[in-house]
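[1] Sequence plus predicted model, see below.
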Amino acid sequence: MHIATEAIVCAVLAHGEHGTVARLLTPRDGMQPGYVRGGRSRRLRPVLLAGNVVAADFRARTEGQLAALTVELVHSRAVLHAEPLPAAAIDWVTALTATTLPEGQPYPRLHAALDGVLSAIEAAPAARGWAAALVRYELLVLAELGFGLDLSACTATGSLDDLAFVSPRSGAAVSRSAGAAYADRLLRLPCFLHQGGTAEWDDIFDGVRLTGHFLGRDLLTDRRAAILPARERLVERLHRVVG
């Protein structure tokens, strides 16, 4: 097995005395793990940071063997790790990706979307510029892994208009009129998730609650739930920004 590609660093775990096992998201070959000899060295530590883009070379004698991985830095986002809010966002979005995606299955839409979210975090002067993109990414992860929400029409009436809620059971949209009597039992659906456009903070936090419900119920169960505190830290810091 030989894969040579650019990839996004999503997770790095210590392995042995000096090495690491890195999990990288590639455009065509999905999530790929590899052993990096000397991965904890002074030279490689700043390369193997979550969110960085690297030129990766995976080599293994058989498909079932953990590949030997060499990396060269293509684009560094190291400076963002010194800022608490961007660092929390990068930690969460890469941990979500590394934890939920099965190895070796291509997810080109997720690779492009993850790179877009990371670029938005890097470029935006304020968190509102990237927070909505992060919520959209969570929604895409759910969809790509078979747990997508149906936001196309009201599940009760079939109406395409004035969609305002989502059923926490079915993940289907509900119109404002159909859901008014049950609003306290439904999740709010912000417009930016089904109509596009910009989002105010109230919309973003509605989106965070919406995706968080389905991530926790459908994807981040058992051992995968260990990454949820990273999301909680991010949401707490976003609330501090709003005040």
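    Here it is on my side, so go on. Fair warning: this is a prediction, and the values are worked out from it, not measured in the lab.

[2] The residue nearest to residue 116 when sequence neighbours are not counted is in what secondary structure piece?
    Spatial nearest neighbour of residue 116, excluding adjacent residues (CB to CB, 6 or more residues apart in numbering): residue 133 at 6.6 Å. (Each C-beta comes from the backbone N, C-alpha and C, glycine too.) For residue 133, the host element (DSSP states H and E) is helix 128-144.

[3] Name the residues of that helix that are buried.
    128, 130-142, 144 (16 or more other CB atoms under 10 Å).

[4] cool, and stretch 178-197?
    For stretch 178-197, by 16+ other CB under 10 Å, it's 178-179, 186-193.

[5] out of those, which one sits closest to residue 26?
    Closest approach to residue 26 among the buried residues of stretch 178-197 (CB to CB): residue 193, at 27.6 Å.

[6] Now for the closest one: which residues touch it?
    Taking CB atoms under 8 Å, 6 or more residues apart in numbering, we find residue 193 in contact with 135-136, 139, 151, 207, 210.

[7] what's the answer for residue 237, then?
    Applying CB under 8 Å, 6+ apart, the residues near residue 237 are 84-85, 88.

[8] any idea how far residue 209 is from it?
    For residue 237, the distance to residue 209 (CB to CB, to the nearest Å) stands at 16 Å.

[9] One more: residue 119?
    For residue 119 relative to residue 209 (CB to CB), the value is 25 Å.

[10] do the same with residue 66
    Applying CB to CB, the value for residue 66 to residue 209 is 38 Å.

[11] mind saving the C-alpha coords of stretch 152-170 as PDB?
    Taking Å, rounded to 0.1, in the frame of the first residue of the first chain, the C-alpha atoms of stretch 152-170 are listed here in PDB:
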ATOM      1  CA  SER A 152     -36.700  19.900   3.100                       C
ATOM      2  CA  ALA A 153     -40.300  20.100   4.200                       C
ATOM      3  CA  CYS A 154     -42.600  19.900   7.200                       C
ATOM      4  CA  THR A 155     -43.000  16.300   8.300                       C
ATOM      5  CA  ALA A 156     -46.600  17.000   9.500                       C
ATOM      6  CA  THR A 157     -48.100  19.000   6.600                       C
ATOM      7  CA  GLY A 158     -45.600  18.600   3.700                       C
ATOM      8  CA  SER A 159     -45.300  22.400   3.600                       C
ATOM      9  CA  LEU A 160     -42.100  23.900   2.300                       C
ATOM     10  CA  ASP A 161     -42.700  27.300   4.000                       C
ATOM     11  CA  ASP A 162     -41.900  28.800   7.400                       C
ATOM     12  CA  LEU A 163     -39.900  25.800   8.700                       C
ATOM     13  CA  ALA A 164     -39.100  26.700  12.300                       C
ATOM     14  CA  PHE A 165     -38.500  23.500  14.300                       C
ATOM     15  CA  VAL A 166     -37.000  20.000  14.100                       C
ATOM     16  CA  SER A 167     -38.400  16.900  15.800                       C
ATOM     17  CA  PRO A 168     -35.800  15.600  18.300                       C
ATOM     18  CA  ARG A 169     -37.000  12.000  17.500                       C
ATOM     19  CA  SER A 170     -37.200  11.900  13.700                       C
END
